[in-house]
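Sequence first, predicted coordinates after that:
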Amino acid sequence: MTPASNGQVSIIRTERGLTISGTRITLYDVMDYVTEQYPPKFIRAMLNLTDEQVHCALSYIDAHRAEIEAEYQFVLKETEELRQYYEEQNRELIARIAAKPPRPGTEAIRAKLRAERTKLESQG
């Protein structure tokens, strides 16, 4: 754990993992941006953190890189397993919802969405 300049702990271990104290932001959330090489200012804006919180998180990650990387890989694996589980559990429900006819009065917005999707697909 790392003390902040005001004497409070800035990185704490909670049931969610290593967390920036006073927030629900984990170091694994920060790692999502670090691995994509986003600058600290971007991370700060995306996670609504202070400069000090970002600095403490990045410093902690740098000082404990191997440990953080191992935990981060575990979190990614666990997240993917949960996504697959819930996708499988909800496959039938999603298919039933998709098969339902559109609600009356939504034709115009659905046409607009289809046109946007077609436009985006043709650009990609």
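It's in.

avg pLDDT for stretch 60-73?
For stretch 60-73, mean pLDDT is 96.

now that stretch, how far from the chain's geometric center?
Taking C-alpha atoms, centre = their mean, to the nearest Å, the mean C-alpha location of stretch 60-73 is offset from the chain mean by 17 Å.

CA atoms only for it, dumped as CSV, please.
Output of stretch 60-73 as CSV, limited to C-alpha atoms (Å, rounded to 0.1, in the frame of the first residue of the first chain):
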residue,chain,number,x,y,z
TYR,A,60,2.2,1.9,-7.7
ILE,A,61,1.8,0.1,-11.1
ASP,A,62,5.4,0.9,-12.0
ALA,A,63,6.8,-0.1,-8.6
HIS,A,64,4.8,-3.4,-8.5
ARG,A,65,4.6,-4.2,-12.3
ALA,A,66,5.0,-8.0,-12.1
GLU,A,67,2.4,-8.4,-9.3
ILE,A,68,-0.1,-6.0,-11.0
GLU,A,69,0.3,-7.6,-14.4
ALA,A,70,-0.3,-11.1,-13.0
GLU,A,71,-3.5,-9.9,-11.1
TYR,A,72,-4.6,-8.0,-14.2
GLN,A,73,-4.3,-11.1,-16.4
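
Could I get the buried residue list for it?
60-61, 64, 68, 71-72 (16 or more other C-beta atoms under 10 Å). All C-beta spots, glycine's among them, are computed from the backbone N, C-alpha and C.

ditto for stretch 10-20
10-11, 17-20.
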